[in-house]
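Trainee: predicted structure and sequence below. I'll ask about it afterward.
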Amino acid sequence: MAVVRILGIDPGTRVVGYACLEVAPAAGRPSGVAVPIALRASNVVRAGGGSHDARLVAAGVLRLGGRDDAIGARLHALAVQFRALARELQPTELALEEAFHGKSVQAALRIGEARGVVLAEATGLGLDVHQFAPARIKRCVTGNGAADKSTVAAMMRQFVRPAAAVLVDGLPADATDAIAVAWTRYEVRRSPLLALEE
């Protein structure tokens, strides 16, 4: 089985967080293998900390322009930069945060536009796409669906094994959020119980 690369995206229309995890083949459950009944009936999931079969290859942000720049121009910049990022990192899967309307309906619509660009580009590149609600991501990485960004960042610093050139400390919150999105997909891959929720 080939190495899997999960590209996590925290969407936005001015700043987009990204993170790429490389997952060793042993981390995923082979397709077609049934989940044992005992496991399906339990509440047992594997803990994320201390794992050494996922490695952070890259993380950062895509800057699309300022508030005064036209939304069309920013979405075009997202399409161009996402394509370049995918060419560079060669992901096999995309993990994307779903839209959340907690702040305002207008903000949710704008994020939805950015998500549409990412979904279209990922589909054009033939990536498997997996989407997760923000509360599910926070619950997966912190155990609390209402955790704040600093808690998510702190957990990601503990969980990930960065490549030599990647430093988790000092990354913008959008980037650590993207690591959490990719990590959620990683946990689903390696836990049959979590996979049942997809």
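Mentor: Received it, and whenever you're ready, just let me know what you need. Numbers count the residues shown, from 1 in each chain.
Trainee: neighbours around the residue lying closest to Lys138 once chain neighbours are set aside, how many?
Mentor: Once flanking residues are discounted, Lys138 sits nearest to Ala147: 4.4 Å by Cβ to Cβ, 6 or more residues apart in numbering. Just so you know, the C-beta spots here come from the backbone N, C-alpha and C atoms, and that holds for glycine as well. Neighbour count of Ala147, defined by other Cβ atoms under 10 Å: 19.
Trainee: need the three-state assignment for Ala147.
Mentor: Following DSSP: H, G, I helix; E, B strand; the rest coil, Ala147 is assigned to coil.
Trainee: report the buried residues of the host helix or strand of Ala95.
Mentor: Assessed by DSSP states H and E, Ala95 sits inside strand 93-97. By neighbour count with 16 or more other Cβ atoms under 10 Å, strand 93-97 contains the buried residues 93-97.
Trainee: pLDDT and distance to Ala2 added to these, as JSON lines?
Mentor: Formatted as JSON lines, those follow (pLDDT from 0 to 100; distance: Cβ to Cβ, whole Å):
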{"residue": "Glu93", "pLDDT": "96", "distance to Ala2": "12"}
{"residue": "Leu94", "pLDDT": "98", "distance to Ala2": "17"}
{"residue": "Ala95", "pLDDT": "97", "distance to Ala2": "18"}
{"residue": "Leu96", "pLDDT": "96", "distance to Ala2": "22"}
{"residue": "Glu97", "pLDDT": "91", "distance to Ala2": "26"}
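Trainee: nearest to Val80 among the residues you listed?
Mentor: Distance ranking of the buried residues of strand 93-97 against Val80, using Cβ to Cβ, places Leu94 first at 16.9 Å.
Trainee: so what's Arg67 up against?
Mentor: Going by Cβ atoms under 8 Å, 6 or more residues apart in numbering, Arg67 touches Arg14.
Trainee: try 10 Å this time
Mentor: Arg67 sits next to 13-14, 74 when contact means Cβ atoms under 10 Å, 6 or more residues apart in numbering.
Trainee: just confirm it is within a helix.
Mentor: No: with three-state DSSP as the criterion, Arg67 is coil rather than part of a helix.
Trainee: I'd assumed Ala153 was in contact with Thr176.
Mentor: Yes: the criterion here is Cβ atoms under 10 Å, and Thr176 meets it with Ala153 at 4.0 Å.
Trainee: more neighbours: which of these two?
Mentor: Neighbours were counted for Thr176 and for Ala153 using other Cβ under 10 Å; Thr176 has more, 26 against 20.
Trainee: I figured Leu64 hits Glu113, correct?
Mentor: No: applying Cβ under 10 Å as the test, Leu64 and Glu113 come out as separate, 11.3 Å apart.
Trainee: which neighbours do these two share?
Mentor: 13, 71, 74-75, 78.
Trainee: re earlier: neighbour-wise, which of Leu64 and Glu113 wins?
Mentor: Ranked by neighbour count (other Cβ under 10 Å), Leu64 and Glu113 place Leu64 first, with 23 against 17.
Trainee: distance check, the more buried one against Val141.
Mentor: 26 Å (Cβ to Cβ, to the nearest Å).
Trainee: check which element follows the worst-scoring helix or strand of the chain on mean pLDDT along the chain.
Mentor: The weakest-scoring helix or strand in the chain, judged by mean pLDDT, DSSP states H and E, is helix 37-40 (a mean of 38). Sequence-wise, the next helix or strand downstream of helix 37-40 (DSSP H and E) is strand 54-63.
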